[in-house]
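> model the following, please.
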Amino acid sequence: MPYYHSNVDSDEVMFYCGGDYEARKGSGIGQGSISLHPGGHAHGPQPGAVERSIGAEFFDELAVMVDTFRPLELGEGGVASEDPGYAWTWSGRGPGRS
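Residues are numbered from 1 along each chain as shown. Here you go, the predicted model:
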């Protein structure tokens, strides 16, 4: 299970490419999703995910993570595909989320 953290010196990009990504369940993240966490922005597992993982013996999930050491800039495609409710998914009460 990933832990709650903030990448101070890098942007973090994740491509969710297989399985059922439990740490972000209910966030809209699924296979084929890409997330971008700019340097300094706190992020981590969905509220309750750590508790649900206790005692689990196996997680069927695969993601590729890249930490960049120069800030990324979003192109038109990235801007057009932004999910405005994604940042609220750590609160457990975001728009369109339960």
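
> how many neighbours does residue 81 have?
Summarising burial for residue 81: neighbours were counted as other Cβ atoms under 10 Å, giving 10. For the C-beta atoms, the positions are set from N, CA and C on the backbone; glycine is no exception.

> and for residue 11?
Summarising burial for residue 11: neighbours were counted as other Cβ under 10 Å, giving 19.

> from residue 59, how far off is it?
Here residue 11 is placed at a distance of 25 Å from residue 59 (Cβ to Cβ, to the nearest Å).

> what's the answer for residue 18, then?
11 Å.

> the residue nearest the centre of the chain: helix or strand, and which one exactly?
In the chain, the centroid-proximal residue (Cα atoms, centre = their mean) is residue 35; its distance is 5.5 Å. Secondary structure assigned from DSSP states H and E places residue 35 in strand 34-37.

> CA atoms only: put that strand into PDB for me.
Listed in PDB are the C-alpha atoms of strand 34-37, where the atom choice follows Å, rounded to 0.1, in the frame of the first residue of the first chain:
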ATOM      1  CA  ILE A  34      -3.000   8.900 -15.700                       C
ATOM      2  CA  SER A  35      -2.500  11.100 -12.600                       C
ATOM      3  CA  LEU A  36      -0.200  14.100 -12.100                       C
ATOM      4  CA  HIS A  37       0.800  15.300  -8.700                       C
END
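
> strand partners of the next helix or strand after that strand, parallel vs antiparallel please.
Downstream of strand 34-37, the first helix or strand assigned by DSSP H and E is strand 42-43. Each strand paired with strand 42-43, and its direction, by DSSP bridges: strand 5-6 (antiparallel).

> residues in contact with the strand it pairs with?
Outside strand 5-6, the residues that touch it by Cβ atoms under 8 Å, 6 or more residues apart in numbering are 40-44.

> elements contacting the strand holding residue 35?
Packed against strand 34-37, as judged by 3 or more Cβ pairs under 8 Å, 6 or more residues apart in numbering; DSSP states H and E, are the following elements: strand 11-19.
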